[in-house]
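> got a predicted model here, sequence first, then my questions.
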Amino acid sequence: MNKFFSVLQLLLAVLAAGLAVATLVNLVLISSRPETISVVNSIIGQGLLIVCLAAFARILGRKAWRTLSGETSDRAQPD
């Protein structure tokens, strides 16, 4: 069951990374528009969304990869 959840986490990490790339493409397309306050607001919002999606994908990907490879976490050492 652990392996199943790890594979799901890895797929979710890939999906989040794909969404970050798609948002980056959208950001580039929006930046070619004339500069208005709504364009600036969307650039700021999408920039923040890209950073959050990339961090989420990295965290999920590393956690899933560790579980699938059988590594133990440094923080989860038994007493």
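Received it, and whenever you're ready, just let me know what you need.

> which one's the longest helix in the protein?
helix 37-69 (DSSP state H).

> give the buried residues for it.
42, 46, 49-50, 53-54, 56-57, 60-61, 63-64, 67 (16 or more other CB atoms under 10 Å). (Glycine included, C-beta is placed from N, CA and C.)

> try stretch 11-24
13, 16-17, 19-20, 23-24.

> how about residues contacting that stretch?
Identification of contacts with stretch 11-24 by CB atoms under 8 Å, 6 or more residues apart in numbering yields 46, 49-50, 53-54, 56-58, 60-61, 64.

> export those as TSV, with columns for pLDDT and distance to Leu8.
Output for those, formatted as TSV (pLDDT from 0 to 100; distance: CB to CB, whole Å):
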residue	pLDDT	distance to Leu8
Gln46	96	27
Leu49	96	22
Ile50	96	23
Leu53	96	17
Ala54	97	19
Phe56	96	14
Ala57	97	14
Arg58	97	17
Leu60	95	10
Gly61	95	12
Ala64	93	8
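
> which of those residues lies closest to Val7?
Comparing the contacts of stretch 11-24 against Val7 with CB to CB places Ala64 closest, at 7.3 Å.

> the closest one and Ser6 touch, don't they?
Yes: checked against CB atoms under 8 Å, the pair Ala64 and Ser6 is within contact range at 4.5 Å.

> quick check: which ranges of this protein have low pLDDT?
When residues are selected by pLDDT under 70, those of the chain lie in 72-79.

> same thing but 80
71-79 (pLDDT under 80).

> and Gln9, how many neighbours?
Gln9 has 19 neighbours, counted by other CB atoms under 10 Å.

> show the contacting residues for it.
Contacts of Gln9 by CB under 8 Å, 6+ apart are 60-61, 63-64, 67.

> rerun that using 7 Å as the cut-off
Contact partners of Gln9, counting by CB atoms under 7 Å, 6 or more residues apart in numbering, are 60, 63-64.

> same check, this time on Thr67
Per CB under 7 Å, 6+ apart, neighbours of Thr67: 2, 6.

> could you redo the last one with a cut-off of 10 Å?
Applying CB atoms under 10 Å, 6 or more residues apart in numbering, we find Thr67 in contact with 2-3, 5-7, 9-10, 73.

> great, nothing more from me.
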